[in-house]
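In: show me the folded form of this:
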Amino acid sequence: MKLFKNNIVIKVFIVFGCLLIMLIVWQGVKKVPLQGDWQEQLATVSTAEFNGDTVTVKNVRNFRYYPAEKDMHPAYYDKTYDLTQIKKVWYVSEPFNENQLAAHTFVSFEFNNGDFLAISIEARKTKDQVYSVWKGMLRSYPLVYIAADERDVILLRANLRKDRVYVYPVKLEKPENARLVLTDMLVRMNELITTKPAWYNTLFANCTSSLIEHINKLSPGRISTFSWQLWLTASADELALERGLLNTDLSIEQARLKYSINEASERAGDVPNYSTEIRKFQN
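Out: This is a model prediction of the structure:
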């Protein structure tokens, strides 16, 4: 009887091992799709064309969502930015109301002429896909960088979803670091849809961990890629504060109170100077 049980255990392990090997092989050979029936807000990709100190970003997304988020009104524009005129960098965090452990994070670049350019790193989903944390651990969604207007990516989250949105000023050790980060992100944006497509991964290639890769290029090892706060991303703002990346001496609790823009966003509504209006609370 004991020998019989041992044989069963061995067979179970063999079957499990074979299935695991098949999964690894299957995942290893899957190619990142460049074509697909993408969800509308992810269908048109942004690209960047560099010319000396300027960059022209094509297809800056500027959707409107009303009366509900599902009612999308697509809009894009092309715009040229002077890379020598970046005034500030902002770190945006949107903890999900239904799950305070997770958040979407992205950055926005402010220029001296009043322009703002947000870069959001996302999972590119097809129309028949719904985002899943578990599927995101497998090779289910391509990684994509979206260049967007703040009236799209911030107003949507604050005014329609009613999620709490924090817009933190980033501490720049050197002024040129802002240009280096933006340039690196735009180059990566181009690569993902041309020469170097990559998979989104819930743990190791999500919105926050991908952003950290760009930061660590400037300062190697600044943030550990194995930090739990890169997985439970609602705490990533606390990690950024601990590592001296946020331009404030406040505690994280005080910073979240100061840099929450929801009330300012509701007051401002969809106005041309939206980005300036939501930052008036900081003055």
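
In: from Lys196, how far off is Leu172?
Out: 27 Å (Cβ to Cβ, to the nearest Å). Backbone N, C-alpha and C define where each C-beta goes, glycine included.

In: between the two, which one's more packed in?
Out: A direct count of neighbours by other Cβ atoms under 10 Å for Leu172 and Lys196 places Leu172 higher, at 15 against 11.

In: so who does the more buried one touch?
Out: By Cβ atoms under 8 Å, 6 or more residues apart in numbering, Leu172 lies in contact with 88-89, 178, 247.

In: could you do Phe106 as well?
Out: 92, 118-121, 153, 207, 211.

In: take these and keep only those in strands.
Out: 92, 118-121 (DSSP state E).

In: which SS state does the closest residue in space to Tyr91 that isn't next to it in sequence fall under?
Out: In this structure, Tyr91 finds its nearest non-sequential neighbour in Tyr168, 4.6 Å apart by Cβ to Cβ, 6 or more residues apart in numbering. Here Tyr168 is recorded as strand under DSSP: H, G, I helix; E, B strand; the rest coil.

In: just give me the neighbour total for Tyr168.
Out: 23.

In: i'd like the first residue to be 52 from this point on
Out: In the new count, where the first residue is 52, that last one comes out as Tyr219.

In: quickly note the distance from it to Thr253.
Out: With Cβ to Cβ as the criterion, Tyr219 and Thr253 are 24 Å apart.

In: same check, this time on Leu223
Out: 30 Å.

In: same check on Glu293?
Out: 23 Å.

In: and what of Ala198?
Out: Ala198 sits 23 Å away from Thr253, going by Cβ to Cβ.

In: confirm Glu289 sits in a strand?
Out: No. Using three-state DSSP, the secondary structure at Glu289 is helix, not a strand.

In: how many neighbouring residues does the residue nearest to it when sequence neighbours are not counted have?
Out: Among residues not flanking Glu289 along the chain, Ile303 sits closest, at 4.6 Å (Cβ to Cβ, 6+ apart). Around Ile303 there are 17 other residues, counting by other Cβ under 10 Å.

In: got a pLDDT number for Ile303?
Out: Among the per-residue scores, Ile303 holds a pLDDT of 97.

In: between Glu293 and Thr253, which is the more surrounded one?
Out: Using other Cβ under 10 Å as the criterion, Glu293 and Thr253 rank with Thr253 on top: 21 against 13.

In: go ahead and confirm that one touches Val184.
Out: Yes. Counting by Cβ atoms under 8 Å, Thr253 touches Val184, with 5.3 Å between them.

In: show me where pLDDT drops low in the stretch 102-251 of the chain?
Out: Scanning the stretch 102-251 of the chain with the threshold set as pLDDT under 70 gives 148-150.

In: ok, which stretches of it are helices?
Out: Ranges of helices within the stretch 102-251 of the chain are 201-204, 206, 227-243, based on DSSP state H, counting those that start in this stretch.

In: Tyr117: which of those is closest?
Out: Nearest to Tyr117, of all the helices of the stretch 102-251 of the chain, is helix 206, at 10.3 Å by Cβ to Cβ.

In: give me the contact list for the closest one.
Out: 316, 321, 325.

In: name the nearest of the residues you listed relative to Lys178.
Out: Asp321 (26.2 Å).

In: can you pull the contacts of the closest one?
Out: Contacts of Asp321 (Cβ under 8 Å, 6+ apart): 115, 202, 206.

In: parallel or antiparallel, list what pairs with the strand ranked longest in the chain.
Out: Ordering each strand of the chain by length in residues (DSSP E) puts strand 150-162 first. Here strand 150-162 has these sheet partners by DSSP bridges: strand 137-147 (antiparallel), strand 167-174 (antiparallel).

In: redo these as CSV? Include mean neighbour count and distance to Glu120.
Out: Putting the strands paired with strand 150-162 into CSV (neighbours: other Cβ atoms under 10 Å; distance: least, Cβ to Cβ, whole Å) gives the following:
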stretch, mean neighbour count, distance to Glu120
strand 137-147, 21, 13
strand 167-174, 22, 15
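
In: can you lay out the ones you listed as JSON lines showing distance to Leu189?
Out: Putting those into JSON lines (distance: least, Cβ to Cβ, whole Å) gives the following:
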{"stretch": "strand 137-147", "distance to Leu189": "21"}
{"stretch": "strand 167-174", "distance to Leu189": "12"}
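
In: for Arg215, which of these is the nearest?
Out: Nearest of the strands paired with strand 150-162 to Arg215, taken as Cβ to Cβ: strand 137-147 at 5.7 Å.

In: good, wrapping up.
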